[in-house]
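**Student:** Show me the folded form of this:
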Amino acid sequence: MMMVRFYFEHVFSTRQGKFYPFFVHWFTFGVDLDIKGFWIKKVDLFKSGLLNRVRGLLFRPMGYKIPKRILLVRKGTIGDHVVCQPLYLAIKDYYSTQNIDLLTSNGGLEYAHISKLPEQGLFNETINFNDLGKKEIFEQIKSKRYDLVIELPQDLDTIYTQVRNMIFYRWCGIKQGVGWAPGISKQLRNYRFKKIPLKREWEKHADTLKAQGFDELIKEKYMPVDQVELPKEYSQVDFKEMIAIAPGAKFKCKQWPHYNRLAHALIKSNYHVVVIGSDDEGGSIDKLDVTNLCGKLNVLQSRYVLSQVRLLVCNDSGPMHLAYSVGTPLIALFGGRSYPKAWWPPENPLSVVLFERLNYPVGYFGNKRIEGNEDQHLNKIRVEEVKRKIDEILGKVKS
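**Tutor:** Numbering: from 1, shown residues only. Purely as a prediction, here's the structure:
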């Protein structure tokens with residue numbers, strides 16, 4: 001009975017079929033749902049064991065030889081690097097005398113090129129593989145004669161992708177390698193969404209490195225904020241009395257649709273509002289009495305401004321990660337695209353996540369809409385609730 005149920009649940013939950021909500025829920029009625037958790041743990045354990053087995057066959061363990069040249073690999077844009085700053089700093093401290101290079105990508109976003117991010121200053125050299133062809137990447141890595149590769153895989157990287165990468169780095173002549181671990185799975189996503197607690201992204205990678213032989217204590221700490229030069233027209237603005245709004249996000253499905261109403265409510269309550277983001281994210285907010293910096297600052301300047309403001313309201317986005325990394329109070333609005341907690345900011349009284357856990361599966365995976373025309377998780381968050389949280393946090397800051 002249960003094996004039959006596993007088959008049908010797998011088939012219908014991994015195909016975007018119309019019959020899944022009705023058929024599977026009816027078919028599994030009365031069966032102990034905790035068996036799903038048991039099944040998920042066994043599958044995840046198998047994936048982890050497989051990756052460790054392949055890694056053990058291809059690479060020598062950490063400690064085999066003190067590495068002189070290290071290649072750190074982390075794909076992604078602004079937030080992907082911010083969440084890994086604690087790991088970058090720990091690795092840099094642990095291998096303080098070694099040359100450490102970073103291999104990364106910018107996700108097709110030019111403003112998120114590693115040369116324009118604060119993390120680029122941590123490494124001897126940064127290599128953006130979007131700038132190179134496959135043959136050039138291979139030749140460049142091989143010519144560097146790295147002793148150790150540390151890859152911090154993306155949460156959506158598959159087992160195939162990670163095994164392929166291991167083989168590639170070994171082919172480049174690197175003899176030690178760590179960091180690979182199973183990513184987030186689409187299977188039984190409804191159960192995972194509601195029942196399986198996830199660790200935050202940096203904690204997941206820290207645990208993986210520790211299990212694979214990295215014995216340096218990894219703490220959640222971030223790079224200090226540097227004074228930067230702002231555009232002349234904003235150099236004299238006092239951002240310390242302002243509330244920041246960042247309405248954008250890399251994917252449309254992660255954008256809360258009510259920022260215009262929120263800005264109007266804040267202005268009505270005599271708050272000064274500054275809007276931060278790329279040049280196409282200001283939208284209709286630009287018509288209100290706000291300071292609109294969308295498209296007018298680079299990432300380093302945005303990070304500095306966020307360190308000055310009273311509070312930030314944002315989606316799951318680059319500005320959110322920048323804000324908590326500089327200690328700014330924030331309210332982050334999360335919908336149904338990602339599993340809970342994985343990309344959340346640190347939990348503290350001045351860092352609030354508003355998230356509605358509705359009774360249906362994750363609405364988005366990647367950038368694809370799986371069901372419905374809009375993310376009801378996000379739409380469920382009311383303007384009045386956000387405004388009340390703003391008042392509460394600012395009250396705590398004053399006291």
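**Student:** Kindly list the main-chain dihedrals of Asn128?
**Tutor:** Main-chain torsions, Asn128, degrees, to the nearest 10: phi -100, psi 110.
**Student:** before we move on, what about Asp101?
**Tutor:** Given degrees, to the nearest 10, the pair of backbone angles that Asp101 has is phi -110, psi 150.
**Student:** quick one, what contacts the closest residue to it other than its chain neighbours?
**Tutor:** Counting by CB to CB, 6 or more residues apart in numbering, the nearest residue to Asp101 once its immediate chain neighbours are dropped is Glu125, at 4.5 Å. For glycine as for every other residue, the C-beta is placed from the backbone atoms N, C-alpha and C. Residues near Glu125 by CB atoms under 8 Å, 6 or more residues apart in numbering: Asn99, Asp101, Leu102.
**Student:** Would you mind giving the secondary structure of the last one?
**Tutor:** To tie it back to what came earlier, the one meant is Leu102. strand (DSSP: H, G, I helix; E, B strand; the rest coil).
**Student:** beta partners for it?
**Tutor:** Note on Leu102: beta-bridge partners Leu72, Thr126, judged by DSSP bridges.
**Student:** these two touch, right, Asn165 and Glu151?
**Tutor:** Yes: with contact defined as CB atoms under 8 Å, Asn165 reaches Glu151; the gap is 6.2 Å.
**Student:** When those two are compared, which one has more neighbours?
**Tutor:** Glu151 (22 against 18; other CB atoms under 10 Å).
**Student:** What lies in contact with the longest helix anywhere in the chain?
**Tutor:** Looking across the chain with DSSP state H, the single longest helix is helix 34-58. With contacts defined as CB under 8 Å, 6+ apart, helix 34-58 is touched by 2, 6, 9, 159, 162-163, 166-167, 170, 177-178, 180-182, 185, 187-188, 191-192, 195-196, 212.
**Student:** what ranges do the helices span in the stretch 101-250 of the chain?
**Tutor:** 134-144, 159-171, 189-195, 201-211 (DSSP state H, counting those that start in this stretch).
**Student:** quick one: terminal-to-terminal distance for stretch 331-348?
**Tutor:** End-to-end distance of stretch 331-348: 11 Å, with CA to CA, to the nearest Å as the criterion.
**Student:** And stretch 218-237, by the same measure?
**Tutor:** Termini of stretch 218-237 sit 37 Å apart (CA to CA).
**Student:** can you list contacts of it?
**Tutor:** By CB under 8 Å, 6+ apart, stretch 218-237 touches 82, 85-87, 89-90, 118-119, 122, 202, 206, 209-210, 291, 293, 296-297, 300-301, 303-305, 307, 325-326, 346.
**Student:** can you pull the buried residues of that stretch?
**Tutor:** Ile218, Glu220, Tyr222, Met223, Val225, Leu230, Val237 (16 or more other CB atoms under 10 Å).
**Student:** so how far is that stretch off the chain centroid?
**Tutor:** 21 Å (CA atoms, centre = their mean, to the nearest Å).
**Student:** hey, where'd the strands end up in the stretch 201-350 of the chain?
**Tutor:** Using DSSP state E, counting those that start in this stretch, the strands of the stretch 201-350 of the chain run over 242-246, 272-275, 291-292, 311-315, 330-334.
**Student:** Turn those strands into a markdown table, including mean pLDDT.
**Tutor:** Below are the strands of the stretch 201-350 of the chain laid out as a markdown table (pLDDT from 0 to 100):
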| stretch | mean pLDDT |
| --- | --- |
| strand 242-246 | 97 |
| strand 272-275 | 96 |
| strand 291-292 | 92 |
| strand 311-315 | 97 |
| strand 330-334 | 94 |
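**Student:** Save those strands as CSV, and put in mean neighbour count and distance to Asn379 too.
**Tutor:** Formatted as CSV, the strands of the stretch 201-350 of the chain follow (neighbours: other CB atoms under 10 Å; distance: least, CB to CB, whole Å):
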stretch, mean neighbour count, distance to Asn379
strand 242-246, 25, 18
strand 272-275, 21, 21
strand 291-292, 18, 25
strand 311-315, 25, 13
strand 330-334, 25, 11
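**Student:** Just send these back as JSON lines, with distance to Val54 too.
**Tutor:** Output for those, formatted as JSON lines (distance: least, CB to CB, whole Å):
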{"stretch": "strand 242-246", "distance to Val54": "40"}
{"stretch": "strand 272-275", "distance to Val54": "47"}
{"stretch": "strand 291-292", "distance to Val54": "50"}
{"stretch": "strand 311-315", "distance to Val54": "36"}
{"stretch": "strand 330-334", "distance to Val54": "34"}
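**Student:** Among these, which comes closest to Lys252?
**Tutor:** When the strands of the stretch 201-350 of the chain are compared by CB to CB, strand 311-315 sits nearest Lys252, at 10.4 Å.
**Student:** Check the contacts of helix 34-58 for burial and list the buried ones.
**Tutor:** Buried, going by 16+ other CB under 10 Å: 9, 159, 162-163, 166, 170, 177-178, 180-182, 185, 188, 191-192, 196, 212, out of the contacts of helix 34-58.
**Student:** where does this protein have low pLDDT?
**Tutor:** Low-confidence segments of the chain, defined by pLDDT under 70: 1-33, 107-109, 284, 286, 356-376, 399.
**Student:** Relative to Ala181, how far out is the closest residue to Val73 other than its chain neighbours?
**Tutor:** Ranked by CB to CB, 6+ apart and with sequence neighbours excluded, the top spatial neighbour of Val73 is Glu151, at 4.0 Å. Going from Glu151 to Ala181 by CB to CB, to the nearest Å gives 10 Å.
**Student:** Same check on Ser278?
**Tutor:** From Ser278 to Ala181 the distance is 32 Å (CB to CB).
**Student:** How about His272?
**Tutor:** 44 Å.
**Student:** ok, now His377?
**Tutor:** 27 Å.
**Student:** do Asp289 as well
**Tutor:** 48 Å.
**Student:** does the residue nearest to Pro349 when sequence neighbours are not counted belong to a helix or a strand, and which?
**Tutor:** Distance criterion CB to CB, 6+ apart; nearest residue to Pro349, sequence neighbours excluded, is Lys396 at 5.9 Å. Assigned by DSSP states H and E, Lys396 belongs to helix 383-398.
**Student:** and stretch 103-121, which residues are buried?
**Tutor:** Quick answer for stretch 103-121 (16+ other CB under 10 Å): 103-106, 109, 111-114, 117-120.
**Student:** Good, we can wrap up now.
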